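Visitor: 3D model of this:
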Amino acid sequence: MSQEATIIAVDNSDYMRNGDFFPTRLQAQNDAVGLICQSKRQRNPENTIGLLSLANTEVLCTLTNDVSKIYNRLHLVEPKGSIIFCSSIRIAHLALRHRQLRHQKMRIVCFIGSPILEDEKELTRLAKRLKKEKVNVDIINFGENETNEQKLSEFIDTLNGKDGTGSHLISVAPGTVLHDTLMTSPVVAGEDGSGMAGAGLGLEFGLDGAEDPDLLYALRVSMEDQRMRQEHEVNGDGSNTSVVATSLPAMSEEDQIAYALRMSLQQMGEETTQPTTTTLESNQVSLLFLYV
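Guide: Residues are numbered from 1 along each chain as shown. As a prediction, this is how the structure comes out:
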């Protein structure tokens, strides 16, 4: 699969404090960014990812294949001000042009959770420029769908041109789970829907069943052992009604991984009373572009 350089543009405006996406738009966006980073890594380990904020048009992290740098910078983002869509996309384009691997295709993934202030004409001019430069753009429109839908639809249509492929607009209704909606979208799953095959719910724990089948097998064995212990407890003590027998063959691969993780964490909690704390090294990388 071809290599790709991607700038993820996140909305950090005041609108991101709203709670129509649980627990807030900002947190829901952070979870979705993690999913996209993992999907890019799974498609090709040589893919690079950068991070940019829309409200202050700041490059928070330059292109890297170390997703931990993206996560560290992402969790420092706080909502403030209003987004500047067109200027931010231009800055993202500049960051992509400075990629070290020139053969990488350029893509921008942009989260929009607040109203776009620019008019349709300005967006159309920007789309034509990006199309000429062979930059694809995926937009996740959530929270302010009615306000932005027409503008963004025309923007993506202009980018795609006659081919009608390459760029995508994903509109997510309030009250739904942003992460789950993106799981089956072309942004994450790809055009053929196979982008996240085998990854499942283990993504949020940094697991990839497709790349580490031994780990996946170990999780399933651990899960089966835990299930047998639970069944033994139920049969030995009729008063224990909180344990529900689980049929592993009926589970999907994603459910099996998630269930195994829950059981492993539960078992660890029973065996130790001392919690462990993992401290992640904070990597703060910023890049400023001056342009006329």
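Visitor: CA only for contacts and neighbour counts going forward, please
Guide: Noted.
Visitor: confirm Arg107 sits in a helix?
Guide: No: residue state for Arg107 (DSSP: H, G, I helix; E, B strand; the rest coil) corresponds to strand; a helix is not indicated.
Visitor: Val137 is in contact with that one, correct?
Guide: Yes: when contacts are counted by C-alpha atoms under 8 Å, Arg107 is listed as touching Val137 (5.6 Å).
Visitor: show me which of those two is the more surrounded one.
Guide: For Arg107 and Val137, the more surrounded residue by other C-alpha atoms under 10 Å is Val137, and the numbers stand at 27 against 23.
Visitor: let's verify the more buried one: helix, strand, or coil?
Guide: Going by three-state DSSP, the secondary structure assigned to Val137 is strand.
Visitor: from Gly19, how far out is it?
Guide: 27 Å (C-alpha to C-alpha, to the nearest Å).
Visitor: same thing with Asp31?
Guide: The separation that Asp31 has from Gly19, given C-alpha to C-alpha, amounts to 15 Å.
Visitor: skipping adjacent residues, who's closest to His168 in space?
Guide: Asp138 (4.7 Å; C-alpha to C-alpha, 6 or more residues apart in numbering).
Visitor: surely Ser82 and Asp14 touch.
Guide: Yes: counting by C-alpha under 8 Å, Ser82 touches Asp14, with 6.7 Å between them.
Visitor: which non-adjacent residue is nearest Pro45?
Guide: In this structure, Pro45 finds its nearest non-sequential neighbour in Asn65, 7.3 Å apart by C-alpha to C-alpha, 6+ apart.
Visitor: these two touch, right, that neighbour and Gln42?
Guide: No: under the contact definition of C-alpha under 8 Å, Asn65 does not touch Gln42, with a separation of 11.3 Å.
Visitor: can you count the residues close to Ile2?
Guide: Ile isn't right for residue 2; it's Ser. Residues near Ser2, counting by other C-alpha under 10 Å, number 10.
Visitor: same check on Thr165?
Guide: Taking other C-alpha under 10 Å as the criterion, the count of residues near Thr165 is 13.
Visitor: SS state for Leu35?
Guide: Using three-state DSSP, the secondary structure recorded for Leu35 is helix.
Visitor: tell me the pLDDT of it.
Guide: You'll see Leu35 listed with a pLDDT of 95.
Visitor: any idea how far it lies from Ile8?
Guide: Using C-alpha to C-alpha, we find Leu35 at a distance of 12 Å from Ile8.
Visitor: can you give me the strands for the protein?
Guide: 4-10, 48-53, 58-64, 105-112, 135-142, 168-172 (DSSP state E).
Visitor: now do the second one against strand 105-112, angle only.
Guide: Put plainly, it is strand 48-53. Comparing the axes of strand 48-53 and strand 105-112 via axes from the mean of the first three to the mean of the last three C-alpha atoms, to 10 degrees yields an angle of 30 degrees.
Visitor: can I get the CA coordinates of strand 48-53 in CSV?
Guide: Extracted C-alpha coordinates of strand 48-53, given in CSV (Å, rounded to 0.1, in the frame of the first residue of the first chain):
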residue,chain,number,x,y,z
THR,A,48,3.6,9.9,8.9
ILE,A,49,1.2,12.0,10.9
GLY,A,50,1.2,15.6,12.1
LEU,A,51,-1.2,17.6,14.3
LEU,A,52,-2.6,21.2,13.8
SER,A,53,-5.1,23.2,15.7
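Visitor: what about the residue lying closest to Thr64 once chain neighbours are set aside, neighbour count?
Guide: Counting by C-alpha to C-alpha, 6+ apart, the nearest residue to Thr64 once its immediate chain neighbours are dropped is Thr48, at 4.8 Å. Each residue near Thr48 was counted by other C-alpha under 10 Å, and the total is 25.
Visitor: again, but for Glu149
Guide: Neighbour count for Glu149, taken as other C-alpha under 10 Å: 18.
Visitor: kindly report the same for the one 5 residues further on.
Guide: Glu154: 16 surrounding residues under other C-alpha under 10 Å.
Visitor: OK, contacts around it?
Guide: 120, 124 (C-alpha atoms under 8 Å, 6 or more residues apart in numbering).
Visitor: again, 7 Å this time
Guide: Contact partners of Glu154, counting by C-alpha atoms under 7 Å, 6 or more residues apart in numbering, are absent.
Visitor: what's the distance between it and Ala127?
Guide: For Glu154, the distance to Ala127 (C-alpha to C-alpha) stands at 9 Å.
Visitor: next: Cys110.
Guide: Using C-alpha to C-alpha, which is the criterion applied here, Cys110 is 14 Å from Ala127.
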